[in-house]
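A.B. asks: Could you look at this predicted model? Sequence included:
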Amino acid sequence: MQTFQANTYHLPPLASESAQAMRQIVNGLAKPIASLGRLEELAIRLAGIEATTSLRLRQKTLLVFAADHGVTAEHVSATPKKVTIVQAGNMLAGHTAVAALAIAAHCQVQVIDIGIDSQRTFSKLINAKIAYGTQNIAQSPAMTREQALKSIKIGYATALAAINNGSEILAVGELGVGNTTTASAVVAACLQCNAAEVVGRGSNISDAKLAHKISIVQQALTRNQPDSTDPIDILAKVGGFEFGGKVGAMLAAAEHHTPLILDGFISYAAALLAQKIAPTITNYLVPSHVSHEKGSQRALQQLGLEPYFDLQLCVGEGTGAVMLMPWLDELAAILTHMNTLADMAIVYKK
Ligand SMILES: O=C(O)c1ccc[n+]([C@@H]2O[C@H](COP(=O)([O-])O)[C@@H](O)[C@H]2O)c1
Ligand SMILES: Cc1cc2nc[nH]c2cc1C
């Protein structure tokens, strides 16, 4: 893997010839021009990422990075901390929201323990534990700079292994009680805005808890002073291990011409960090939905990504990303089975 130092990290340029060729193919299908709407733009985006018009969309893998957050000691979540490890087990057994959706979408799910605060293990849980949760960002940095870099390397290696095992589409999800607090701190640090502008209700907290959560995020930013020009510093001071995992997966996917589908608010926070490492990475990311979490619109705007749907989801786990996957199968069917205008000898006149 390349190094993350300074501004020396470069991604290969998007394959604009393949994107252009896909535009021609889509325009030539037997339908009114542009009538498949944003599905056409998705096809063009995927061709640019994969550097081919023969899209590889079949084998899909969701990488769920699971970790705990010391900031839960500040009572910022409605959810007890043990839910991170319990849901990791339930996910592997096929019983969480995303596990159920993944069955419908024929998507493989990998759950990576990158920092769960529990000694429990499950046979299929991938052990990449950096620590038993992060430190409390209201009182200290979340992790060391070395741990932040390690989390990115783990995500990179996990995604690369999936690609080498035949995955053609990647998606990222997470489990992490308290991570909407740390995601808000990361987004505020990246956008250089106040906590109140991006902190939301996470797993559905009360008005009183929301006010407290805003003050905790502000305290974390004031206490740690993350350097907005240094994504590793932001990750180390106010982030979480699963954010680094996602960043690494994004870098590996982009480098290997593999589309990576984003999920919700925690994915946006990770993507903002990745964007600071490699500004062109956003060309390689596929948005899915707009999360119901408060800072979502602002984060997506900064990423320059327009999500494809809004179901007011805010469960995380990768749910929105997996919901996009059937659209990819539909796209493949369209590209395989539709007639062309040339077949039908139709010439449009505006
Ligand atoms: O992805 C999102 O947009 C999203 C929005 C709100 C909550 N979540 C999920 O809920 C958990 C964090 O909520 P909280 O309140 O404990 O910060 C964590 O497991 C996330 O996956 C996820
Ligand atoms: C059950 C449960 C599942 C979750 N998945 C993501 N966050 C969650 C929070 C709870 C409480």
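C.D. replies: It's in. Numbering: from 1, shown residues only. Ligands and ions are numbered 1, 2, ... in the order given.
A.B. asks: Could you report the separation of the residue lying closest to Asp227 once chain neighbours are set aside from Pro141?
C.D. replies: Nearest in space to Asp227, with sequence neighbours left out and distances taken as Cβ to Cβ, 6 or more residues apart in numbering, is Asp233 at 4.3 Å. Every C-beta, even on glycine, is put in place using the N, C-alpha and C of the backbone. Separation of Asp233 from Pro141 (Cβ to Cβ, to the nearest Å) stands at 9 Å.
A.B. asks: With Ala157 instead?
C.D. replies: In terms of Cβ to Cβ, Ala157 sits 24 Å off from Pro141.
A.B. asks: Tell me which of the two has more neighbours.
C.D. replies: Higher neighbour count among Ala157 and Pro141: Pro141, with 22 against 16, using other Cβ atoms under 10 Å.
A.B. asks: pretty sure the more buried one is in a strand, no?
C.D. replies: No: counting by DSSP: H, G, I helix; E, B strand; the rest coil, Pro141 is not found in a strand; it is coil.
A.B. asks: Now the nearest residue to it once chain neighbours are set aside: phi and psi?
C.D. replies: Closest residue to Pro141 apart from its sequence neighbours, by Cβ to Cβ, 6+ apart: Lys237 at 4.6 Å. Backbone torsions for Lys237, taken as degrees, to the nearest 10, come to phi -80, psi -40.
A.B. asks: what do you get for Asp233?
C.D. replies: Dihedral angles (degrees, to the nearest 10) for Asp233: phi -60, psi -40.
A.B. asks: I'd guessed it sits against Thr144; true?
C.D. replies: No: contact between Asp233 and Thr144 fails when scored by Cβ atoms under 8 Å: they sit 11.3 Å apart.
A.B. asks: higher neighbour count, those two?
C.D. replies: Asp233 (20 against 13).
A.B. asks: What residues does the chain have near ligand 1?
C.D. replies: Within the chain, the positions near ligand 1 by Cβ under 6 Å from any ligand atom are 77-79, 174-181, 202-203, 263-266, 291, 293, 314-317.
A.B. asks: Those: which ones sit near ligand 2?
C.D. replies: Thr79, Leu175, Ser203, Val315, Gly316, Glu317.
A.B. asks: quick one: secondary structure of Glu317?
C.D. replies: Three-state assignment for Glu317 (three-state DSSP): coil.
A.B. asks: tally of neighbours for the residue in the stretch 101-250 of the chain that ligand 2 sits nearest to?
C.D. replies: Closest residue of the stretch 101-250 of the chain to ligand 2, Cβ to the nearest ligand atom: Ser203 (5.0 Å). Using other Cβ under 10 Å, Ser203 has 15 neighbouring residues.
A.B. asks: cool, Ser123 as well?
C.D. replies: Ser123: 5 neighbours (other Cβ under 10 Å).
A.B. asks: Can you check the pLDDT for it?
C.D. replies: pLDDT, Ser123: 96.
A.B. asks: Next one: it from Ala88, what distance?
C.D. replies: Taking Cβ to Cβ as the measure, Ser123 falls 12 Å from Ala88.
A.B. asks: what do you get for Met344?
C.D. replies: For Met344 relative to Ala88 (Cβ to Cβ), the value is 52 Å.
A.B. asks: okay, these two: which has more neighbours?
C.D. replies: Neighbours per residue, other Cβ under 10 Å: of Met344 and Ala88, the larger number sits with Ala88, 24 against 9.
A.B. asks: Show me what the helix or strand harbouring the more buried one packs onto, helices and strands only.
C.D. replies: If you go by DSSP states H and E, Ala88 is part of helix 83-92. Counting contacts by 3 or more Cβ pairs under 8 Å, 6 or more residues apart in numbering; DSSP states H and E, helix 83-92 is packed against strand 60-67, helix 97-105, strand 107-115, strand 169-175.
A.B. asks: Would you reformat the ones you listed as JSON lines and include mean neighbour count and mean pLDDT?
C.D. replies: Below are the helices and strands packed on helix 83-92 laid out as JSON lines (neighbours: other Cβ atoms under 10 Å; pLDDT from 0 to 100):
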{"stretch": "strand 60-67", "mean neighbour count": "29", "mean pLDDT": "99"}
{"stretch": "helix 97-105", "mean neighbour count": "19", "mean pLDDT": "98"}
{"stretch": "strand 107-115", "mean neighbour count": "24", "mean pLDDT": "99"}
{"stretch": "strand 169-175", "mean neighbour count": "29", "mean pLDDT": "98"}
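A.B. asks: Give the full set of residues in contact with the residue nearest to Ile346 when sequence neighbours are not counted.
C.D. replies: Closest residue to Ile346 apart from its sequence neighbours, by Cβ to Cβ, 6+ apart: Ala30 at 7.2 Å. Neighbour list for Ala30: Met338, Asn339, Thr340, Leu341, Asp343, Met344, Ile346 [criterion: Cβ atoms under 8 Å, 6 or more residues apart in numbering].
A.B. asks: Tell me how far the fifth one lies from Thr336.
C.D. replies: The reference is to Asp343. If you go by Cβ to Cβ, the gap between Asp343 and Thr336 works out to 14 Å.
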